[in-house]
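Asker: I would like the atomic coordinates for the input below:
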Amino acid sequence: MIGATLITAGCSSNNNSSTNNAPATTLSGVAATVTVTDSKGASKTATTGASGSYTLDVTGMTAPFVIVASGMVGDGAETLVSMVATQPTAGQAVVANVTPLTNALAAALDSTGDPLHMAANISTEAANITASNLATATTNLQTALGPLLAQLNISSSMNFITGTLTANGTGVDKLLDSLQITVAPGGTANGGTTVALKDGNGTVTTQSLSLATTPAPLPTLNTVADYSVINSAQAALTSCFAVTPASNRATAPQCTSLVAGGYLNDGKSGSVEFAFASSATFDNAIAEPPQVIYFIDATHALVKLVLDLTDGSHYALTTVAANTINGWVLLGNQENYFTFVNGVAEKREELNTGTALPGAYTSGLNLYFDKSIGGAASVFANSANKNSYVKVTGPGLPVAGIILQESSGTCAYLTIQSENGTPAATGTLAGHKNTCVSFFRLTGIALDGSTAFDSVFDGTTPSPNHNQNFRNGKLIDTDILAIHPFDAYTVTVHDANIPSDTTFTRRLRSRPLTLAELPNVHWNVISNATKASLTPGPTAFTGGASFPVSWTPQPLTAPVTTVNVQVRSAGVLVANNPRVSPAASSASVTASASFGSVASMGTMMCAPANTTSSCKDFSWVGLNGRNRLDLQIFTSTTYSAY
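Answerer: Coordinates of the predicted model:
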């Protein structure tokens, strides 16, 4: 939630020399990095303080103003837009909040329905940012939220841009906690704006939100959730990591009182889950306000905890908090497997122009299931029986389900082995595919917009390009739009050593992107030096202890949080994805012992220029970021030697 105050200096755009004698024109409030652009294209930027407040001097600028606030929310990126439609009088203090609600208003006024388009095209969009248009959109938003405003004791005439906002768990703050508002990249043509109402009883209601006409009101909450977990957990975590030396945190009351005795989360006990707390790396880490993803029921909430480390990186943990007679404590989801489903958008450049497939945008779901944590360790540790598997079904996936099994390579997680619901039943890994892929592509298109990439989705006829990681028959955009935030996916664990299966669900936080949306995503740019390292020739990587990767961060792009490198050597896939600071633009990736049988990457990797049969495969680098709603944004480049 971001607030702002605009204090103008001049009476109009033609104030000439009077500007220097007028009060300073400032924009201030609560945000991360805030840029204000006026109707003539002039812009100024401010960085927020520790509390999130900011001040911008906009002396001499001419309304309407577009305000863009961007930064990290937890371990994900967020960019929101707001507006000031009319020129304030000299010295006037004008509030200009920037929140998901103002972002929805900006979408309503932009000609494409995309708030970021408004900011980038102010010269043509300024005519749409009028007091009349803004009043109409605001009235329609008040109508849509009317029952909720009354239920939460918020004025029905609340002005979402100029009204007072306080982060205190009541009023508009609670309203924002109860809503998940999503504006599609590219705007109206690509799905427009949707809103998910997160009820305190565990239900989620999703509907389109068009503010061009009078919308249907959202329902009221059956159970008004208790969001005090946000302040409670944040204070407790920050207090815990202020304890030094790190070894004292294992017994410090500030830390132990936060975790329930019967804690179990994704197969990890409390001592395992929070073992990181005893590392000096986390000394004086600061907890951000936890994100309440949704309430499971009135007293249990799925939350994401995020710690800001002193080196600039973030550490995130998703778990369940329980409201007990002693207050909020961390309990975990009480499940014995580490698995999740999230949307993924990828832009992949192919460096080998001679390959059959070009670079492409792809969109799909990451179906992650760790093979060594909790109960999975016993299910998949049996060296004599490799018929165990996991099946995932849900919106967008083939009806028969996606089969995840162990790879015949060295991967820390189960990989996609079948898209027809039929597992490999050879009893050994010999019949399993040698890949480390959990990203199931639902749709995709060549970067140039042609159909040259479509053959990877053609599994109905013999096709050398189709594989199990791509849906047999790609989804069209209307199919993707039928997948909704918080849709449930069923995960079935089949242990070949016992007669009964274990079944549970995972919810999707944000849907995958459509083909129309993908080109509108802001992508990071991988350096030419990294591309040269992946390409056979005089500058190709020749093997060594580390693989250097560099990139150029782009404005409004999700910062890189992990860097992925995959290269084969002697038929074995070597991979690692170390965590990096969001401010970073380079990384030196080394192999983890868990990814191979030797410690040095030099003996695990070979140069892409090596064309022996054991190494003739592919080399790949990927930059992974995510937005606040856990949509992964992958920018990657590959050299395919086949």
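Asker: return the distance of residue 268 relative to residue 150.
Answerer: According to CB to CB, to the nearest Å, residue 268 stands 43 Å off from residue 150. To be clear about C-beta, it is placed using only N, CA and C from the backbone, and glycine gets the same treatment.
Asker: quick one, which of these two is more surrounded?
Answerer: residue 268 (20 against 12; other CB atoms under 10 Å).
Asker: give the next helix or strand downstream of the lowest-mean-pLDDT helix or strand in the chain.
Answerer: The helix or strand of the chain with the poorest confidence is strand 26-30; it has a mean of 40 (mean pLDDT, DSSP states H and E). Using DSSP states H and E, the next helix or strand after strand 26-30 towards the C-terminus is strand 33-37.
Asker: please point out which parts of that following strand sit buried.
Answerer: 34-37 (16 or more other CB atoms under 10 Å).
Asker: now the helices: where do they sit in the chain?
Answerer: Secondary structure of the chain (DSSP state H): helices located at 100-109, 115-120, 122-125, 131-144, 146-151, 171-178, 229-241, 253-256, 270-273, 376-379, 477-481, 528-534.
Asker: wait, which of those is closest to residue 419?
Answerer: Taking CB to CB, helix 477-481 is the member of these nearest to residue 419, at 15.5 Å.
Asker: outline the domain layout of the protein.
Answerer: 4-208, 229-330, 337-519, 522-642 (automatic domain parsing).
Asker: lowest average pLDDT across those?
Answerer: The weakest mean pLDDT among the domains of the chain belongs to domain 522-642, with a mean of 71.
Asker: okay, now residue 81: neighbour count?
Answerer: Neighbours of residue 81 using other CB under 10 Å come to 25.
Asker: wait, it sits on residue 100?
Answerer: No - between residue 81 and residue 100 there is no contact under CB atoms under 8 Å: 10.1 Å.
Asker: still on that earlier bit, okay if I get the domains of the chain as JSON lines plus distance to residue 218?
Answerer: Shown next, in JSON lines, are the domains of the chain (distance: least, CB to CB, whole Å):
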{"stretch": "domain 4-208", "distance to residue 218": "5"}
{"stretch": "domain 229-330", "distance to residue 218": "16"}
{"stretch": "domain 337-519", "distance to residue 218": "14"}
{"stretch": "domain 522-642", "distance to residue 218": "19"}
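Asker: so residue 263 touches residue 256, yeah?
Answerer: No - using CB under 8 Å, residue 263 and residue 256 do not qualify as a contacting pair, with a distance of 10.9 Å.
Asker: so which of these two has more stuff around it?
Answerer: residue 263 (22 against 14).
Asker: that one and residue 33, how far apart?
Answerer: Distance from residue 263 to residue 33, by CB to CB: 37 Å.
Asker: can you check residue 507 too?
Answerer: Residue 507 is 31 Å from residue 33, where distance means CB to CB.
Asker: and for residue 588?
Answerer: From residue 588 to residue 33 the distance is 28 Å (CB to CB).
Asker: now swap in residue 57 and tell me
Answerer: 16 Å.
Asker: gap between stretch 423-443 and the chain center?
Answerer: Taking CA atoms, centre = their mean, to the nearest Å, one finds the center of stretch 423-443 at 26 Å from the center of the full chain.
Asker: which positions within that stretch qualify as buried?
Answerer: Buried-residue list, stretch 423-443, by 16+ other CB under 10 Å: 423-424, 429, 432-443.
Asker: stretch 380-396 now?
Answerer: Within stretch 380-396, the residues that qualify as buried are 380, 386-396, counting by 16+ other CB under 10 Å.
Asker: farthest-apart pair in the residues you listed, please.
Answerer: The distance between the two most remote of these (CB to CB) is 29.6 Å, for 386 and 395.
Asker: could you count how many residues lie near residue 194?
Answerer: For residue 194, using other CB under 10 Å, the count is 21.
Asker: if you could redo that for residue 242, that was the one I meant.
Answerer: 14.
Asker: against residue 47, how distant is the residue lying closest to it once chain neighbours are set aside?
Answerer: Once flanking residues are discounted, residue 242 sits nearest to residue 284: 6.2 Å by CB to CB, 6 or more residues apart in numbering. Residue 284 sits at a distance of 22 Å from residue 47 (criterion: CB to CB).
Asker: higher neighbour count, these two?
Answerer: The neighbour comparison of residue 284 against residue 47 (other CB under 10 Å) goes to residue 284, with 13 against 10.
Asker: okay but the more buried one is in contact with residue 240, surely?
Answerer: No - with contact defined as CB under 8 Å, residue 284 does not reach residue 240; the gap is 10.8 Å.
Asker: adding distance to residue 170, write the buried residues of strand 33-37 out as TSV.
Answerer: Output for the buried residues of strand 33-37, formatted as TSV (distance: CB to CB, whole Å):
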residue	distance to residue 170
34	25
35	30
36	29
37	33
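Asker: and those, which two are furthest apart?
Answerer: 34 and 37 (10.9 Å).
Asker: and for the two, which residues touch both?
Answerer: residue 68 (CB atoms under 8 Å, 6 or more residues apart in numbering).
Asker: winner for burial among the helices of the chain?
Answerer: Compared across these, helix 100-109 shows the largest average neighbour count, a mean of 26 (mean count of other CB atoms under 10 Å).
Asker: now the angle between helix 131-144 and that one, please.
Answerer: 130 degrees (axes from the mean of the first three to the mean of the last three CA atoms, to 10 degrees).
Asker: helix 100-109 to helix 171-178, inter-axis angle?
Answerer: Put simply, helix 100-109 runs at 80 degrees to helix 171-178, going by the same axes, to 10 degrees.
Asker: output the contacting helices and strands for helix 100-109.
Answerer: Secondary-structure packing of helix 100-109 (3 or more CB pairs under 8 Å, 6 or more residues apart in numbering; DSSP states H and E): strand 76-84, helix 115-120, helix 131-144, helix 171-178, strand 179-183, strand 193-198.
Asker: what about 10 Å?
Answerer: strand 65-73, strand 76-84, helix 115-120, helix 131-144, helix 171-178, strand 179-183, strand 193-198 (3 or more CB pairs under 10 Å, 6 or more residues apart in numbering; DSSP states H and E).
Asker: tell me which strands and helices the fourth one is in contact with?
Answerer: Counting contacts by 3+ CB pairs under 10 Å, 6+ apart, helix 131-144 is packed against strand 76-84, helix 100-109.
Asker: could you check the angle strand 76-84 makes with it?
Answerer: Using the same axes, to 10 degrees: helix 131-144 against strand 76-84 is 130 degrees.
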